[in-house]
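Engineer: got a predicted model here, sequence first, then my questions.
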Protein chains: 2
Amino acid sequence: MEVYRRLEERSRRLADLRGALAVLQWDRATVMPDGGAEARAEQIATLSGFVHRLQTEPEVAELLEAAEASQLDAWQAANLREMRRAWRHATAVSTDLVEAVSKCASEAEMTWRRARANDDFVSLAPKLAALVVLVREVAVARAAAFGVPAYDALLDQHDPGRSGDDVDARFAELEALLPGLLEAVLARQARRPAPRLPAGPFPRDRQRALGRKLMEILGFDFRHGRLDVSHHPFTGGVSDDVRITTRYVDDDFTPGLMAVIHETGHALYERGLPDAWRRQPVGCSQGMTLHESQSLLFEMQAGRSPEFIAFLAPLLREAFGGTGAAWETENLVRVYHRVARGCIRVEADEVTYPLHVILRYRLERALIADELRVADLPGAWRDGMRRLLGTTPVGDADGCLQDIHWPTGAFGYFPTYTLGALAAAQLFEAAKRAEPELLPALGRGEVGPLLGWLREKVHGCGSRYGSAELIERATGRPLGTEAFAAHLRARYLGG
Amino acid sequence: MEVYRRLEERSRRLADLRGALAVLQWDRATVMPDGGAEARAEQIATLSGFVHRLQTEPEVAELLEAAEASQLDAWQAANLREMRRAWRHATAVSTDLVEAVSKCASEAEMTWRRARANDDFVSLAPKLAALVVLVREVAVARAAAFGVPAYDALLDQHDPGRSGDDVDARFAELEALLPGLLEAVLARQARRPAPRLPAGPFPRDRQRALGRKLMEILGFDFRHGRLDVSHHPFTGGVSDDVRITTRYVDDDFTPGLMAVIHETGHALYERGLPDAWRRQPVGCSQGMTLHESQSLLFEMQAGRSPEFIAFLAPLLREAFGGTGAAWETENLVRVYHRVARGCIRVEADEVTYPLHVILRYRLERALIADELRVADLPGAWRDGMRRLLGTTPVGDADGCLQDIHWPTGAFGYFPTYTLGALAAAQLFEAAKRAEPELLPALGRGEVGPLLGWLREKVHGCGSRYGSAELIERATGRPLGTEAFAAHLRARYLGG
């Protein structure tokens, strides 16, 4: 036990370093002036190096081994399992490599911001190519340590235990399902009244005020968090200070507001993690598939349910002074359920979204396998968009420059969006079964039944179980595509 | 040289940790939600611990000794001298003690915020008492290592090489000077037209916009910095991302705006530090007496000069739509040169300000010497205010709760405000002598001649020289009270 306690103490220091990194990253994405980029990159690289050094000190191997032979309760054992997993990841690569990735990623991210604004892929390409080389080096080293393919080692960072084969199997099912479904949905949509987007402009301060109001309705506590603006919406900070961001456009309130609901789902997961295990690995979220299941559950399952939109409609009219048919619930449901072949992932509906992800998944596998050169990315992107979605981006800003993930070194992350969508559908189905009042309550703006179920079945579990086991415990079966398919059919082809 | 290079590499990592701490502290003071306080305190304590651990690793002693025997140029030698000084400070205390001070100070600061808002000293007292015990422990340990009195060890952290005896000598001269001078100034002021404060309210967004404009006029580069709001104005961040704060009141634009000019002086010093020595000790500012000399030079010497106020007057009228006699330069000069016996240090004029500092200096010496209990602080404060300034605060919010310093563990800091005022007067006098166009240029809103001289004589020197040597090189004589006394007589009794 004494040995285990020492590992807990180390975990607390690691959590503090990671918490500090979360602030540095949040700050960079929201308020940092451009001229601070170089210094910030150095700070983040150095702190990442300290994280890595702390994880790989020789003493840790001995402590882990000794602790694994000691008597622990189930939570402590799960905590130890997570420490071991992190140790395996960390010891597979050198501190120098970790610092090099961090610094290269910081530079690439800053370059990406300008490149995206100027639709200038060429300016990003050398930095991104250098980053791919470093990430590949990490993947190969970890793959050797874990005895898995290189790409699986990257995937494991974002969704522990997930394999490329799992992803291939689920994505094959979706590819068998979605093209036909999409045709049918678009054909049905064409036969019905067209959704009418309420006319703007929508002042940003009102969008922000309504966003904050919705966050509070959904259970967000502003004593423990913030709402800000960044290029790409994200959730950052720590469990007791969860910071979400969105971005506003003047002529359409829907993307900014839905991003708020999406990120609030992430934030509620972070806030609902077990208090008793703060600053310990078992008190952390269990990967991005589960995390994304929470954001998509709030955005897609709950937030776009006809019940919640009926609750939202008068709030929208009040916030923006809207009157007339475009502001009626029936039209707003059509607006929020609109399906289209678009180029931008973050604006995609839930029918086409998995196709965006499948494209990125294929491209990043090829980049990591050195079967695709960074210079050829724009062309490969356009080809893939045409084939999967039947559309072509105008420029790279709407194509391979649109996402922050690769320039920050996050390879192996994209699949979790769609696995998360599957999990969201499956969890929401189980929650509705367990709590018949869930949807009627959402229609009154009451999140209690939903949040109560999630707190117990998901948030409060932290990393007590792996994500596969958690989903099976919560829903009664392994993660599959059935609930998602049923959801899409019911929402977009039924009624 | 190889050994020296290794020390430089360590310094870069230290600088990154300190830069990260600067962001965490800035964030806490400006944007952090209250519920994040505990987690933030842990993060800051852990990072402070890493700083300390890095400074005190056994290897450092050997590296320093070896480097001191090697051939270095003057800048490198100064860099090494600063490393040695920091090492002496660090090795005198244990990492546990450093972390304990950091955590206790974070908690005390958060408590102080509420205590000040509620005029509730009792709620702060236990935390402050605990902090004083820890700070005393630090002082005693360092004093033993340096062979100086305990208080001098604290002073040395904020103004390297300064002794309590120095402070006593300068403060004795000021106590001989100021009471009589203050009487004379108040008597003269009573014989002249009363200053008329322009009538508000002054919308905060206009105060902010004008503040930003003045910052740019004074040479602040927003690509490398920010202006925000906090309870107590401060300058934070790093040289390439300097962040200043102010606070606004609705019915008077003068304090918020003068805080902006004051903090801009700090920021220009940070920005002007030698580029070639970023992330090295010799590339850092040389203590708070010099730092405060720069802020006071901008606020008191330049910013309140009749020349600059004449330049400022039309900007003020434009920003706030002001018309009439209250907005004329002549009246604004009287407003900015108004002298009064007040209770609030940050609102004090430059004649009474040193008396506020002398009070705090005496009290903190007594606290550290264990000759004054924290519980007796409010009473001792009121007695001192009556004796030194002839006034009494209504409550503790206007008394011993007004400053952030003690609750953050910053003992030995207050004297640097007044030493800085002396240095500001002496440096400005030398700058005017060297650059006869300096004041006329300021009257046209041109900061070039002043900033050029400061860049060369002060900012660009970093820590190449100690502050005493730097001041003597820049002005031709050691730091004294003569220039300050001459400045006060000229501005408040002359003309």
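Structural biologist: Now that the structure is in, tell me what you want to look at.

Engineer: how about residue A:242, secondary structure?
Structural biologist: Assigned with DSSP: H, G, I helix; E, B strand; the rest coil, residue A:242 falls in the strand class.

Engineer: pretty sure it contacts residue A:225?
Structural biologist: Yes: assessed by CB atoms under 8 Å, residue A:242 is found in contact with residue A:225 at 4.1 Å. From N, CA and C alone the C-beta is placed, and that goes for glycine too.

Engineer: any common contacting residues for those two?
Structural biologist: Common neighbours of residue A:242 and residue A:225 are listed as A:267, A:271 (criterion: CB atoms under 8 Å, 6 or more residues apart in numbering or on different chains).

Engineer: by contact count, what packs against the helix or strand where residue A:356 lies?
Structural biologist: Secondary-structure assignment from DSSP states H and E places residue A:356 in helix A:353-368. With contacts defined as 3 or more CB pairs under 8 Å, 6 or more residues apart in numbering or on different chains; DSSP states H and E, helix A:353-368 has these neighbours: helix A:121-146, helix A:150-158, helix A:164-191, helix A:377-389, helix A:415-434.

Engineer: mean neighbour count added to those, as a markdown table?
Structural biologist: Converted to a markdown table, the helices and strands packed on helix A:353-368 look like this (neighbours: other CB atoms under 10 Å in any protein chain shown):
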| stretch | mean neighbour count |
| --- | --- |
| helix A:121-146 | 18 |
| helix A:150-158 | 23 |
| helix A:164-191 | 15 |
| helix A:377-389 | 18 |
| helix A:415-434 | 24 |
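
Engineer: of these, which is nearest residue B:422?
Structural biologist: Among the helices and strands packed on helix A:353-368, helix A:121-146 comes nearest to residue B:422, with 49.9 Å by CB to CB.

Engineer: name the SS class of the residue lying closest to residue A:445 once chain neighbours are set aside, please.
Structural biologist: Closest residue to residue A:445 apart from its sequence neighbours, by CB to CB, 6 or more residues apart in numbering or on different chains: residue A:311 at 4.8 Å. Three-state call for residue A:311 (three-state DSSP): helix.

Engineer: my guess is residue A:311 meets residue A:446, correct?
Structural biologist: No: look at residue A:311 against residue A:446 with CB under 8 Å: they stay out of range, at 9.0 Å.

Engineer: more neighbours, these two?
Structural biologist: residue A:311 (18 against 15; other CB atoms under 10 Å in any protein chain shown).

Engineer: identify the residues contacting that one.
Structural biologist: Residue A:311 makes contacts with A:442-445, as judged by CB under 8 Å, 6+ apart.

Engineer: measure it to chain B for me?
Structural biologist: Here the criterion is CB to the nearest CB, to the nearest Å. By it, residue A:311 lies 27 Å from chain B.

Engineer: one more: residue A:147?
Structural biologist: 34 Å.

Engineer: need the phi and psi values for that residue.
Structural biologist: Residue A:147 has phi and psi values of phi 70, psi 40 when expressed as degrees, to the nearest 10.

Engineer: quick one: residues contacting it.
Structural biologist: By CB under 8 Å, 6+ apart, residue A:147 has no neighbours at all.

Engineer: for residue A:165, see how far away it is.
Structural biologist: Here residue A:147 is placed at a distance of 14 Å from residue A:165 (CB to CB, to the nearest Å).

Engineer: try residue A:102
Structural biologist: 30 Å.

Engineer: residue A:428 now?
Structural biologist: Noted for residue A:428: a distance of 26 Å to residue A:165, by CB to CB.

Engineer: cool, residue A:470 as well?
Structural biologist: As judged by CB to CB, residue A:470 and residue A:165 stand 20 Å apart.

Engineer: return the set of buried residues in the helix or strand encompassing residue A:102.
Structural biologist: Element membership of residue A:102, judged by DSSP H and E, is helix A:95-117. Across helix A:95-117, burial judged by 16 or more other CB atoms under 10 Å in any protein chain shown covers A:95, A:98-113, A:115-116.

Engineer: same check on stretch A:202-210?
Structural biologist: A:202, A:204, A:207-208, A:210.

Engineer: any chance of those in a markdown table, plus secondary structure and pLDDT?
Structural biologist: Shown next, in a markdown table, are these (DSSP: H, G, I helix; E, B strand; the rest coil; pLDDT from 0 to 100):
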| residue | secondary structure | pLDDT |
| --- | --- | --- |
| A:202 | coil | 96 |
| A:204 | helix | 96 |
| A:207 | helix | 98 |
| A:208 | helix | 98 |
| A:210 | helix | 98 |
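
Engineer: which one of the residues you listed is nearest to residue B:123?
Structural biologist: Closest to residue B:123, out of all of the buried residues of stretch A:202-210 and judged by CB to CB, is residue A:208, at 33.9 Å.

Engineer: looking at the contacts of residue A:311, which one is closest to chain B?
Structural biologist: Checking the contacts of residue A:311 against chain B with CB to the nearest CB, the nearest one is residue A:445 at 23.4 Å.

Engineer: what does the stretch 101-250 of chain A put close to chain B?
Structural biologist: For the stretch 101-250 of chain A, the contact set with chain B under CB under 8 Å from any CB of the partner chain comprises A:221-226, A:237-241.

Engineer: in strands, which of the residues you listed appear?
Structural biologist: A:225-226, A:237-238, A:241 (DSSP state E).

Engineer: take these and write them to a markdown table, including neighbour count.
Structural biologist: Listed next are these as a markdown table, based on neighbours: other CB under 10 Å:
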| residue | neighbour count |
| --- | --- |
| A:225 | 26 |
| A:226 | 21 |
| A:237 | 23 |
| A:238 | 25 |
| A:241 | 29 |
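
Engineer: from those, pick the one nearest residue A:400.
Structural biologist: residue A:237 (29.1 Å).

Engineer: grab the nearest non-local neighbour of that closest one.
Structural biologist: According to CB to CB, 6+ apart, the nearest residue to residue A:237 is residue A:243 (4.0 Å).

Engineer: pretty sure that neighbour is touching residue A:26, no?
Structural biologist: Yes: with contact defined as CB under 8 Å, residue A:243 and residue A:26 form a contacting pair (5.3 Å).

Engineer: overlap in contacts, the two.
Structural biologist: Shared contacts of residue A:243 and residue A:26, counting by CB under 8 Å, 6+ apart, come down to A:236-237.

Engineer: before we move on, back to that, dump the helices and strands packed on helix A:353-368 to TSV, plus mean pLDDT.
Structural biologist: TSV is the format used below for these (pLDDT from 0 to 100):
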stretch	mean pLDDT
helix A:121-146	96
helix A:150-158	95
helix A:164-191	95
helix A:377-389	95
helix A:415-434	98
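
Engineer: just put those in TSV and tack on distance to residue B:319.
Structural biologist: Formatted as TSV, the entries for the helices and strands packed on helix A:353-368 read as follows, by distance: least, CB to CB, whole Å:
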stretch	distance to residue B:319
helix A:121-146	40
helix A:150-158	50
helix A:164-191	54
helix A:377-389	48
helix A:415-434	48
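
Engineer: run through the residues that contact the residue positioned nearest the centre of chain A.
Structural biologist: Nearest to the geometric centre of chain A sits residue A:292, at 4.6 Å (CA atoms, centre = their mean). The contact partners of residue A:292, by CB under 8 Å, 6+ apart, come to A:416-417, A:419-421, A:423-424.

Engineer: same question, residue A:216
Structural biologist: So residue A:216 contacts residue A:222 (CB under 8 Å, 6+ apart).

Engineer: what does residue A:407 give?
Structural biologist: By CB under 8 Å, 6+ apart, the residues touching residue A:407 are A:105, A:108-109, A:111-112, A:124, A:127-128, A:131.

Engineer: C-terminal to the helix or strand harbouring residue A:256, what's the next element?
Structural biologist: Residue A:256 is part of helix A:254-272 when elements are defined by DSSP H and E. Counting by DSSP H and E, the next helix or strand C-terminal to helix A:254-272 is helix A:287-296.

Engineer: chain center to that following helix: distance?
Structural biologist: Its chain's average C-alpha position is 6 Å from that of helix A:287-296, according to CA atoms, centre = their mean, to the nearest Å.

Engineer: alright, calling it a day.
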